[in-house]
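[1] The following block contains a protein sequence and its predicted model.
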Amino acid sequence: MKKTDFIKFILEKGNLDSTVIAKSKSIDNFPNAYKIILALKDSDFINIIFNPKNYGQIDLAVGDLKSHNLIKNSEFKQDAIKFINELAKESKLQFRFKENFSKFNSKKKKGNRPNIILGIDLGTTNSLAAFIENDQVVTIPLKNGSRLLPSCISINKKNTFDIGQNAIRQQVSNPEETYYSIKRFIGRRSSEFSSSLINAYPFKVDQSKEKLGIYSKRLKKRFECEELSAQILLTLKVKAERFLNQEIEDCVITVPAYFDNNQRVATKKAAQIAGLNVKRLISEPTAAAFAYGISKESSKSISLVLDLGGGTFDISLVRSDGEDLESFSVVAHSGERDLGGDDFTNALVESITKSIKKEHPKVNISPTIKILIREKAIEAKHSISFQDETEIVFPMLPSSDNQIVSFNYVLTKNNFEKIVTKQTELLKSCIKDFLELDKVKLHKIEQIVLVGGASRMPLFINMVEKLTSLKPFIDTNPDEIIAQGAAYCAQYTLSGVKEKTIIDVTPLSLGIETIGDIHSEVIPPNTILPTRKSKVFTTIEDNQKKLSIKAFQGNRKIASDNIFLNGFLLNDIEIAKRGVPQVDVTFEIDLDGILTVTAQDQKTKSKNSVKITNSLDMTDTEAEKLKEEAMLMAEEDVKKTLFSERYKELFIWKKIFDEINNPSLSSEEEFILDRIENCLDKIHKSGENPQLLIDALKKILEKFDDYDEDFAA
């Protein structure tokens, strides 16, 4: 018999710590003894030692084993007895560890809160989650004390995900495998992005399919944007569950008001992959206005909410008739889904890059240098908000002739405003056009609420003040107010009162394609949700047998200039001359802004419908597969985090023990200390469970007066 056979046998028994047994001196000292034990592996005595119900059982089994004929008559009797004693000692230790561990688990505080629905702001730059407790909003804290989780994902050297700050740290060293601004890509077609915009990113944005994705060169795998966004949501879910000490299943997620149907559906799919059930999608400006109204305990008001986030710009006019959720209604939405703080950063990055190439033409702008320039640009963008001038220093830039060059870039406030003129003018145009809408003109705007990290820019604040003649409120946290609004919405959703709902509107026109590529509107923009509207259409050819229904979303007059959602055929329509058949096409939108299109021939009653889940949508089977993969990665991350925390705790307890002068220990206790040293020395590779060792060490410490549990805590 080989030593590995014995270890395999230990593993199959499943109680004793196989790693410790394998490393214990008893196996090497008594090489023939474990062969005898293997010969007795099916006996009740061995089973009792490996799976005891109490200490007494172990002692009885040991006694019976020692008197067993196979051992009594063996020439290795003494070795076998010593080895049995080693097994028994280990069995007692493990039994005590498990007993203490069970007590420890039973003492763990149970989540005594009622069912909680998380409010989640899934942002372009940062994401966060919040909930309501005792009528107060509580934002889920992260391990580092921050409440903002960077919406950044990285594939590390172990080919697993790093999320948030850990991913941010890899941007310079691992630029091609560190993904950010995923929200800009989710639910989008490859054809919607220019190559110049795609090339601005150091990672590979995959345009090989109709649906945009991200490609990992390291894993040689394409990731769907829903899959990557799910990792952000899953991280927030896990953090919330650990903070609340209870499972989280439901959530309310905010989305930009200008998100189209495809993007909304893709967001819900990301939540599904993360193991979350979306009770409601709510527009970000609406959530912000609601949170602002609650925090200020305002009554009647008309608020203009300007949400300048990392990747989108939304404008909403929100009316409040009281302090409760049901008193809030959105009058109108508008915005630009491809305009945000990222675009200001990109403009500055482009200016810096051009200046570097102009002064040092041989400098190679590699993915790593791209990220370095981006990091410096973000820092400068923040600095220029508080000072008139800032300097960006690049001390070491590699060039193609194997030289190292330095470069300094001075950015003044005036220069920055010139660099971002295009972006600023587009913002101005969006705001002016919105203020000219008939629905908006009917109301007197009483207050301006700014939302999103990029809204902190002085040039934006000053521009808004000039355009509206109102001073924007800047006493709220623009990074957290959206999640807070989502949390309030989640609380009302939890109440189960159907009347309690925010009155929202659809931001874009919805209609179908008709002859000549004309967009025939069925639901106009800024229609209150939920809504259901119908329009009659007919045939364009004699004796036509079927009608093609193609749904589009957008405010352009030409259908192909808008966003194609999905389509279907209506068969068995009335066969007649063109223009005679009458087909009712009905568009129905729910509170989440998700569309269902139905067509029915008035005469034949032939009917067909489709829920526009997303023409780019993945199947539920695909989503479930990605969910399993995401859960596996998250489970591994949780295990690593939990191990690290227990490891640190074990280190502290060991330090406390080391303060005791000349402790008198039994051989059993010395064995435990050896295992602790092994765990602290080899960390993950030790194969030890730190929690079991902590419990055992606490037992040892109880013997000594020097031990101070309050200090340890």
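    Okay, I see it. Residues are numbered from 1 along each chain as shown.

[2] The stretch 201-350 of the chain: helices as residue ranges?
    225-244, 261-273, 284-296, 341-359 (DSSP state H, counting those that start in this stretch).

[3] Make a markdown table out of these and add distance to Ile694 and mean neighbour count.
    (Glycine included, C-beta is placed from N, CA and C.) Below are these laid out as a markdown table (distance: least, C-beta to C-beta, whole Å; neighbours: other C-beta atoms under 10 Å):
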| stretch | distance to Ile694 | mean neighbour count |
| --- | --- | --- |
| helix 225-244 | 19 | 23 |
| helix 261-273 | 35 | 25 |
| helix 284-296 | 42 | 26 |
| helix 341-359 | 45 | 19 |
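
[4] Any chance of CSV for the ones you listed, columns distance to Asn477 and mean pLDDT?
    CSV is the format used below for the helices of the stretch 201-350 of the chain (distance: least, C-beta to C-beta, whole Å; pLDDT from 0 to 100):
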stretch, distance to Asn477, mean pLDDT
helix 225-244, 18, 91
helix 261-273, 23, 90
helix 284-296, 10, 74
helix 341-359, 16, 93
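
[5] Of those helices, which is nearest Ile594?
    Closest to Ile594 of the helices of the stretch 201-350 of the chain is helix 261-273 (C-beta to C-beta; 6.2 Å).

[6] helices or strands up against that closest one?
    Secondary-structure packing of helix 261-273 (3 or more C-beta pairs under 8 Å, 6 or more residues apart in numbering; DSSP states H and E): helix 225-244, strand 250-255, strand 277-283, strand 563-570, helix 620-658.

[7] and those, which one's lowest on average pLDDT?
    Mean pLDDT values for these show the minimum at helix 620-658, a mean of 65.

[8] Break this protein into its domains for me.
    Under the assignment automatic domain parsing, the domains of the chain span 3-107, 508-611, 620-712.

[9] Can you flag the weakest of those domains by average pLDDT?
    Sorting the domains of the chain by mean pLDDT places domain 3-107 lowest, at a mean of 57.

[10] Relative to the centre of the protein, find the outermost residue for me.
    Relative to the centre of the chain, and counting by C-alpha atoms, centre = their mean, the farthest-placed residue is Asn73 at 64.7 Å.

[11] now that residue: how far from Ser383?
    According to C-beta to C-beta, to the nearest Å, Asn73 and Ser383 sit 85 Å apart.

[12] can you pull the contacts of the residue nearest to Lys268 when sequence neighbours are not counted?
    Counting by C-beta to C-beta, 6 or more residues apart in numbering, Lys268 lies nearest to Val278, which is 4.9 Å off, once chain neighbours are set aside. By C-beta atoms under 8 Å, 6 or more residues apart in numbering, the contact set of Val278 is 250-253, 267-268, 271-272, 592.

[13] Repeat that for Leu470.
    Contacts of Leu470 were listed using C-beta under 8 Å, 6+ apart, and they are 304, 445, 447-448.

[14] What is the nearest of those residues to Phe259?
    Relative to Phe259, the closest of the contacts of Leu470 is Leu304; by C-beta to C-beta it sits at 19.8 Å.

[15] Which residue would you name as the spatial centre of this protein?
    Per C-alpha atoms, centre = their mean, the C-alpha nearest to the average position across the chain is that of Ile232, at 1.3 Å.

[16] Run through the residues that contact that residue.
    Neighbouring residues of Ile232 by C-beta under 8 Å, 6+ apart: 122, 127, 149, 151, 153, 163, 182.

[17] among those, which are in strands?
    Under the assignment DSSP state E, those contribute 127, 149, 153, 163 to strands.

[18] Neighbour-wise, which one of these leads?
    For the ones in strands among the contacts of Ile232, counting by other C-beta atoms under 10 Å, the largest number of neighbours falls to Ile153: 27 neighbours.

[19] shouldn't that one be in contact with Gln165?
    No - at 11.8 Å, Ile153 does not count as touching Gln165 under the criterion of C-beta atoms under 8 Å.

[20] What's the separation between Lys237 and Asn245?
    Relative to Asn245, Lys237 is positioned 14 Å away (C-beta to C-beta).

[21] Repeat that for Ser560.
    Look at Ser560 and Asn245: by C-beta to C-beta, they are 53 Å apart.

[22] rewinding a little: closest to Gly63 among the contacts of Ile232?
    For the contacts of Ile232, the nearest to Gly63 is Ile163 (54.7 Å; C-beta to C-beta).

[23] what sits opposite the closest one in the beta ladder?
    Ile153 (DSSP bridges).

[24] For Ile656, see how far away it is.
    The spacing between Ile163 and Ile656, counted by C-beta to C-beta, is 34 Å.

[25] for Asp135, phi and psi?
    phi 70, psi 10 (degrees, to the nearest 10).

[26] What's the local residue count around it?
    Applying other C-beta under 10 Å, we find 8 residues neighbouring Asp135.

[27] Identify the residues contacting it.
    Per C-beta under 8 Å, 6+ apart, neighbours of Asp135: none.

[28] For the stretch 301-450 of the chain, just list every one of the strands.
    Taking DSSP state E, counting those that start in this stretch as the test, the strands found in the stretch 301-450 of the chain are 313-321, 328-336, 389-398, 404-412, 447-451.

[29] pLDDT on stretch 461-471, on average?
    The average of the pLDDT scores along stretch 461-471 is 92.

[30] which parts of that stretch are buried?
    Across stretch 461-471, burial judged by 16 or more other C-beta atoms under 10 Å covers 461, 463-464, 467-468.

[31] Then stretch 138-146?
    138-140, 142.

[32] Show me how far that stretch is from its chain's centre.
    Counting by C-alpha atoms, centre = their mean, to the nearest Å, stretch 138-146 is centred 14 Å from the centre of its parent chain.

[33] what does that stretch rub up against?
    118, 128-132, 147-149, 164-165, 236, 239-240, 243, 480, 483-484, 487, 641.

[34] Going through those residues, which ones are buried?
    Among those, the ones that count as buried by 16+ other C-beta under 10 Å are 118, 128-132, 147-149, 164, 236, 239-240, 243, 480, 483-484, 487.

[35] Doesn't Leu470 lie inside a helix?
    No - checked against DSSP: H, G, I helix; E, B strand; the rest coil, Leu470 lies outside a helix; its state is coil.
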